[in-house]
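Student: What follows is a predicted protein model with its sequence.
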There are 2 protein chains.
Amino acid sequence: MSEVFTFSVSATDGNARCGQISMPRGVIRTPAFMPVGTAGTVKAMYLDQVREAGADVILGNTYHLMLRPGAERIARLGGLHEFARWPHPILTDSGGFQVMSLAALRKITEEGVTFQSHIDGSKHVLTPERSIEIQGLLDSDIQMQLDECVKLPCTDAVAEKAMHLSLRWAERCKVAFGNQPGKAMFGIVQGGAVERLRVESARELVDLDLKGYAVGGLAVGEPQDVMLQMIDIVAPNLPQSKPRYLMGVGTPDDIVESVRRGIDMFDCVMPTRAGRHGLAYTRFGRINLRNARHADDPRPLDEASSCEASSKYSRAYLHHLVRSNEILGMMLLTWNNIAYYQYLMAGLRQAITDGRLDDFIAETKAGWAEGEQSKS
Amino acid sequence: MSEVFTFSVSATDGNARCGQISMPRGVIRTPAFMPVGTAGTVKAMYLDQVREAGADVILGNTYHLMLRPGAERIARLGGLHEFARWPHPILTDSGGFQVMSLAALRKITEEGVTFQSHIDGSKHVLTPERSIEIQGLLDSDIQMQLDECVKLPCTDAVAEKAMHLSLRWAERCKVAFGNQPGKAMFGIVQGGAVERLRVESARELVDLDLKGYAVGGLAVGEPQDVMLQMIDIVAPNLPQSKPRYLMGVGTPDDIVESVRRGIDMFDCVMPTRAGRHGLAYTRFGRINLRNARHADDPRPLDEASSCEASSKYSRAYLHHLVRSNEILGMMLLTWNNIAYYQYLMAGLRQAITDGRLDDFIAETKAGWAEGEQSKS
């Protein structure tokens, strides 16, 4: 822990880095995966389990929390950490991404974005300043600038316009955030799938001297190779001394390939959402527990796992729970998935430290490809 | 624990008894509340939590388990205890009650009942012998006879016919169960709301010298006073030396009044089902967390509770989770409710032991009546 927000790299392997982000509420070991706690809960889990699985930080969604239960209410109740009972670091997004994907009647202007709540139709205005204010009311440790995230594919002109608007909003967010030594506000590199726009966005943001940099607008439907190409373009233009966060990513394969290219932080609903739909992420790849072949299988998902959900419950029982739409099925598979993602991140950190990242990734992918059927 | 199935009474207070049922898999402290684990899971809970909350025994539903995943499958997988990871006592019902309430195209004959699955329409036959066979495949510790449970109100003739059929089925179940010293098969007193039928049913079952006796066909829509009247009629006709189980009951008030009348065992979906619908049972009565008055309330449900769900999470957070339909809301309220029911049973046992049951019940009801609003 540290009184001020700091980032240090303890080891590198190629472009990959292992390090830690320190702040008053704790340390985030990087590369880090942040479970998504949309509405103040990592769905179907107790936060104690999320912590024990190895998570150092969770993500909260400003859009959801501002609408329900409301940022001012959470502030009155002591902030998001107190409200949700997670005393460790929290990163919040700006709300912009969900406004684009969930809200009705969106309208973007230079000032900000107006929209109607998807819950009750109420009208809201989200400006860069209000986004930072809300994230402050939540008492978020790492706050994100408001940005405009365009859907891919799009024309270069659309990508350029959104990128420039996002840069202007980054400046306003920096002013609004001010001087908070124990916290951070990150900028977000935009620019669609256009190399020169990505480079320009990164360089302009670096000139703002922010405490960290995210790569946004990826994992929005484009092929993985486009995403990785953008990371290859952007990463060299970001300072070595600041954490790099790839927003909304991704599959285990996306993560290992992005770590290899120098990304330090990730968030994604995939492990939690998949867990609610009968899918387990394991060392042996992704397993669909709904499949009838598991009905009589007494083996756990991974007997070597330190997570009870993975090592103690039979696939036959998990299959039964999934088929019966039992809540415990969602609870156990989400728990398994969060534990596997954290296990993968720990493996990546160790491999970078040991200077054997490429071997680790190759071994990991071989395990996924081999599949679970051969492990009986 | 005991190699053979035994019941002993350690204290009485009026008609109420405190005791224990012992069997190879463990001890059930009575009066006992059995959380309902319908399909091999107490919904929205880890069974470790159910145990820690104080439950000595859970109930499994033969109807659900025979249809999915199937009794033979559970037997191949090591039995229900192994399948669901609950090494402690399990009581199973006969399947008859759910056939009547859930299945389609039911037809009752002397031989048994034929029906179609509510899941896939498949046809099944449940005879007294098959019910006991299934409960054996599940490896259930306390098995229930197949009976015919009629809806109230009904004519005396309907109640009498069903009661006599249930008696004949009890004899067949006894033969099918045979000699299993570590396990028990309980008979079920029927007879609707007709005193003479209830008495006849109880006396005939006692003549079969079974290891325990249930009172069935109550809590099926009749007023509480009818239910309590039937208990008053039946209990004196059951042996002091055998456990008495009131099936499908009930509210906390139903339970304390039935304990006062000599009932030793209960099961009910109420605490789990209510927990999934935003309702909390507490020392201060039932609290509807969906109500807007909880939105800014930082108090836990019961700060003195030893259950984390009750003592650590604010009502404001629980309200938010319930309003947002978050699974964690169901998890926490179910946990609170199971913990409160077990807390209530522990209080009843202690009060009987101390010879102050009437005072305990009066104090408990005063707490419910006082409500939670005055506890701020």
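Tutor: Received, thanks. Numbers count the residues shown, from 1 in each chain, chains lettered A, B, ... in the order given.

Student: Let me see the contact set for the residue nearest the centre of chain A.
Tutor: With distances taken as Cα atoms, centre = their mean, the residue of chain A nearest its centroid is A:Asp267 (1.0 Å). By Cβ atoms under 8 Å, 6 or more residues apart in numbering or on different chains, A:Asp267 lies in contact with A:33-36, A:59, A:91, A:245, A:247-249. C-beta here means a position set from N, CA and C on the backbone, and glycine is covered the same way.

Student: helix/strand/coil for it?
Tutor: strand (DSSP: H, G, I helix; E, B strand; the rest coil).

Student: Identify the bridge partners of it.
Tutor: A:Met34 (DSSP bridges).

Student: Sitting in strands, which of the contacts of A:Asp267 do you find?
Tutor: Here DSSP state E is the test, and the contacts of A:Asp267 give A:33-35, A:59, A:91, A:245 as lying in strands.

Student: Which helix or strand contains A:Ala351?
Tutor: Taking DSSP states H and E as the criterion, A:Ala351 maps to helix A:327-353.

Student: Pull out the buried positions in that helix.
Tutor: For helix A:327-353, the neighbour count (16 or more other Cβ atoms under 10 Å in any protein chain shown) marks A:327-345, A:347-349, A:351-352 as buried.

Student: Please apply the same query to stretch A:216-223.
Tutor: Quick answer for stretch A:216-223 (16+ other Cβ under 10 Å): A:216-220, A:222.

Student: Could you export those residues as CSV, including distance to A:Met1?
Tutor: What follows is the buried residues of stretch A:216-223, written out as CSV (distance: Cβ to Cβ, whole Å):
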residue, distance to A:Met1
A:Gly216, 28
A:Gly217, 33
A:Leu218, 31
A:Ala219, 31
A:Val220, 35
A:Glu222, 38
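
Student: returning to that earlier point: starting at the chain centroid, how far to the next helix or strand along the chain from the helix holding A:Ala351?
Tutor: Per DSSP H and E, the first helix or strand lying C-terminal to helix A:327-353 is helix A:357-370. Centroid separation for helix A:357-370 versus its chain: 22 Å, with Cα atoms, centre = their mean, to the nearest Å.

Student: CA atoms of helix A:357-370 as CSV?
Tutor: Output of helix A:357-370 as CSV, limited to C-alpha atoms (Å, rounded to 0.1, in the frame of the first residue of the first chain):
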residue,chain,number,x,y,z
LEU,A,357,6.2,-15.8,-20.8
ASP,A,358,6.2,-17.3,-24.3
ASP,A,359,6.6,-20.8,-22.9
PHE,A,360,3.9,-20.3,-20.4
ILE,A,361,1.5,-19.0,-23.0
ALA,A,362,2.3,-21.9,-25.3
GLU,A,363,1.8,-24.4,-22.5
THR,A,364,-1.5,-22.7,-21.5
LYS,A,365,-2.8,-22.8,-25.0
ALA,A,366,-1.8,-26.4,-25.3
GLY,A,367,-3.9,-27.2,-22.2
TRP,A,368,-6.9,-25.4,-23.7
ALA,A,369,-6.5,-27.3,-27.0
GLU,A,370,-6.0,-30.7,-25.4
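
Student: Flag every buried residue along it.
Tutor: A:357, A:360-361, A:364, A:368.

Student: Kind regards, and thank you for your time.
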